[in-house]
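Undergrad: return a 3D structure for these sequence lines:
(one chain, ligands or ions: 1)
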Amino acid sequence: MASKQRSSKSKRSGLGGSGAVNSPSSSTTSSSKQYVETSVDGQSSPASSSARSKPQFFYSESLSVDADRSKENVTVTVRFRPLSPREIRQGEEIAWYADGETIVRNEHNPSIAYAYDRVFGPTTTTRHVYDVAAQHVISGAMEGINGTIFAYGVTSSGKTHTMHVRSFILFFTYDTL
Ligand SMILES: Nc1ncnc2c1ncn2[C@@H]1O[C@H](COP(=O)(O)OP(=O)(O)OP(=O)(O)O)[C@@H](O)[C@H]1O
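TA: All right, here's what the predicted structure looks like:
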């Protein structure tokens, strides 16, 4: 999911729709960063550890993302959905996974990883995604600040599930009561 909020006030506001491009849903490569991992002793690492061993590296890029987040008008988040029963039956496997709150890592080659403003794993609720990625844009819109929230990803990646109008209206109504 990508969200954008202009810093200047305007009378118009709007929410964007969804499209279908890539998997997982709600990601973009233009704002993501592939980075070289640096271990705590300062040595560069090809990050050759297996994904399951969860290597303890120091992520310099993710720290800068955190530090700069408050200044960003455009943020990019990624949400992974769980494998469907049909995918499990067909023997589909996870190719990318959420490694912490900001990193998307390749299951087969853990040295390939991308940093985003926020990454949500398959157990995350839509309510939580809304609270973190959308609520501030909608609140801003109520104060006259232009804001856009849109999702993209390949078909069946979860865009509709995440952006479902009924969910967002429900949360929005609840928040503004
Ligand atoms: N986070 C999730 N948890 C559980 N199920 C999910 C999640 N995200 C999506 N799904 C399920 O995956 C299926 C595909 O999701 P969805 O229809 O939202 O995809 P989409 O990206 O909108 O697809 P399309 O581009 O074809 O419209 C649906 O059955 C949906 O219920």
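Undergrad: how many neighbours does P82 have?
TA: If you count neighbours by other Cβ atoms under 10 Å, P82 ends up with 12. C-beta coordinates here come from the backbone N, C-alpha and C atoms, glycine included.
Undergrad: do the same with T75
TA: The local packing count at T75 equals 20, with neighbours defined by other Cβ under 10 Å.
Undergrad: and it, that one's in a helix?
TA: No. Applying DSSP: H, G, I helix; E, B strand; the rest coil, one finds T75 to be strand, outside a helix.
Undergrad: so it sits against H136, correct?
TA: No. In this structure, T75 is not within contact of H136 by Cβ atoms under 8 Å, at 9.3 Å.
Undergrad: and T102, how close does it get to Y116?
TA: T102 sits 6 Å away from Y116 when distances are taken as Cβ to Cβ, to the nearest Å.
Undergrad: in the sheet, who's paired with A115?
TA: In this structure, A115 has beta-bridge partners K33, I103, where bridges are defined by DSSP bridges.
Undergrad: helices of the chain, start to end?
TA: Read by DSSP state H, the chain holds these helices, from start to end of the chain: 60-69, 85-89, 126-129, 135-142, 159-163, 165-176.
Undergrad: lowest mean pLDDT across the ones you listed, which one is that?
TA: Within the helices of the chain, the least confident segment by mean pLDDT turns out to be helix 60-69, at a mean of 46.
Undergrad: alright, that wraps it up for me.
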